[in-house]
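**Student:** I'll drop the sequence and a predicted model, then ask my questions.
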Amino acid sequence: MTLVDHPVPRMFVLACLATLALSSCDRFRGPKTAFDGAAAYAMVKTQVDFGPRVPGSPGWQKTGDWIVAQLKQLGDSVTEQRFMHVTPKGDTVPMRNIIGHIAPEKSQRVLYVTHWDTRPIAENDPVLGNRDKPIPGANDGASGVALLLQVAAALKKTPPTVGVDLLFVDGEDYGDFDTYSDTASNPNVLIGSTYYARHMSKDSLPLYGVLWDMIGDKDLNINQEGNSVADAPEVVSLVWGAARKLGYSKYFLNQTGETLIDDHVPFLDQGLHMIDVIDYDYGPKTTMTPQGWHHTLEDTPDKVSAQSLQIVGDVAVKLVTGN
């Protein structure tokens, strides 16, 4: 994903006032659903151990097969979309979207999305010699995958009130975000989400969608993303309302943050109300690292926490179970 605007200046978060509901001031005190944050963190490490998940690479092949195997154990059914992507330079790259289906008999459905690939270059790394290397992608890639797989595990214990489709899209981070608007007919980023969105039936769209991206940051502060607020405000209210009921307003901040080009955009373009749940403020920002750890070799498992995964996982489970 990439930043496209700062519509509202970043605000300082004030301490909770005594007049607010106690849930707004609550701190993390352990799991509140069947979601297992520790198991999710172990899955982050497993993916990083596979190596970079750049489309076509050995780590990509191992991780894709592993996701399918996990979904066969945890979900009701699994489907795949395999296709070849031709880059603007004429290179052909294999792509693989993976979809786990929970309660496929239910006609009313919710779509959860994350990307499972990792960026082939670390263009923000402070070491110039590292900038042509692929990133480890612990937070930017692995955290979202771990979240959705553990959502599937939680929904085995607490069945959802709606059908849930867990979509793992490929090629989100493959190319140049600066050219996205110029190559919208054949983008070199958001490849899997664009392909899936354009092949959806507009006659049977999900009730809504949520993209979960970069949600494992130890210092968890999730703003309301700009495109989400503009184009799917009711879904923002739904998600932030669930977080508030769980006592997680400390982490799901009631303020508008960055406006991003991310995997929710192709779905919004096709008429599905989808929001981006993302903690884009990842790691310390210095003159050498103005983007923090984003798209650097520092995106490693030690920057991710089981607690953050638990918090976001609780929200994801509550949304579709009511529990």
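**Tutor:** It's in. Residues are numbered from 1 along each chain as shown.

**Student:** so what's A40 up against?
**Tutor:** S143, A146, L147, L149, Q150, A306, L309, Q310, G313 (Cβ atoms under 8 Å, 6 or more residues apart in numbering). For every residue, glycine as well, the C-beta is placed using N, CA and C.

**Student:** give the next helix or strand downstream of the helix or strand of the chain with the lowest mean pLDDT.
**Tutor:** Least confident helix or strand, the chain: helix 22-25 with a mean of 43, by mean pLDDT, DSSP states H and E. Next in sequence after helix 22-25, counting helices and strands by DSSP states H and E, comes helix 37-50.

**Student:** quick one: I311 from A232, how far?
**Tutor:** 22 Å (Cβ to Cβ, to the nearest Å).

**Student:** all helices for the stretch 101-250 of the chain, in order.
**Tutor:** Taking DSSP state H, counting those that start in this stretch as the test, the helices found in the stretch 101-250 of the chain are 143-157, 191-198, 226-231, 233-245.

**Student:** bridged to the residue nearest to L166 when sequence neighbours are not counted, which residues?
**Tutor:** Sequence neighbours aside, G100 is the residue nearest to L166 in space, at 4.1 Å (criterion: Cβ to Cβ, 6 or more residues apart in numbering). Taking DSSP bridges as the rule, G100 bridges to V78, L166.

**Student:** re the thing from before, now, which of the contacts of A40 sits nearest D213?
**Tutor:** The closest of the contacts of A40 to D213 turns out to be S143 (Cβ to Cβ; 8.2 Å).

**Student:** just the pLDDT for that closest one.
**Tutor:** Per-residue pLDDT puts S143 at 99.

**Student:** do the same with Y208
**Tutor:** 98.

**Student:** sketch out the low-pLDDT regions of the stretch 201-323 of the chain for me.
**Tutor:** For the stretch 201-323 of the chain, residues meeting the criterion pLDDT under 70 lie at 323.

**Student:** again, only this time at 90
**Tutor:** 202-204, 322-323 (pLDDT under 90).

**Student:** and for the stretch 1-150 of the chain?
**Tutor:** For the stretch 1-150 of the chain, applying pLDDT under 90 flags the ranges 1-30, 88-89.

**Student:** tell me which residues are up against stretch 171-189.
**Tutor:** 1-2, 54-55, 85-88, 93, 95, 115, 117-120, 137, 140-141, 190-194, 261-263.

**Student:** just the buried ones from those?
**Tutor:** Buried members of those, scored by 16 or more other Cβ atoms under 10 Å, are 1-2, 54-55, 85, 93, 95, 115, 117-120, 137, 140-141, 190-194, 261-263.

**Student:** in strands only, show me these.
**Tutor:** T2, H85, V93, M95, H115, I261 (DSSP state E).

**Student:** how close does the residue nearest to the first one when sequence neighbours are not counted get to P187?
**Tutor:** By that I understand T2. Leaving aside its sequence neighbours, T2 sits nearest to F177 (Cβ to Cβ, 6+ apart; 3.6 Å). Shown here: F177 relative to P187, a distance of 9 Å by Cβ to Cβ.
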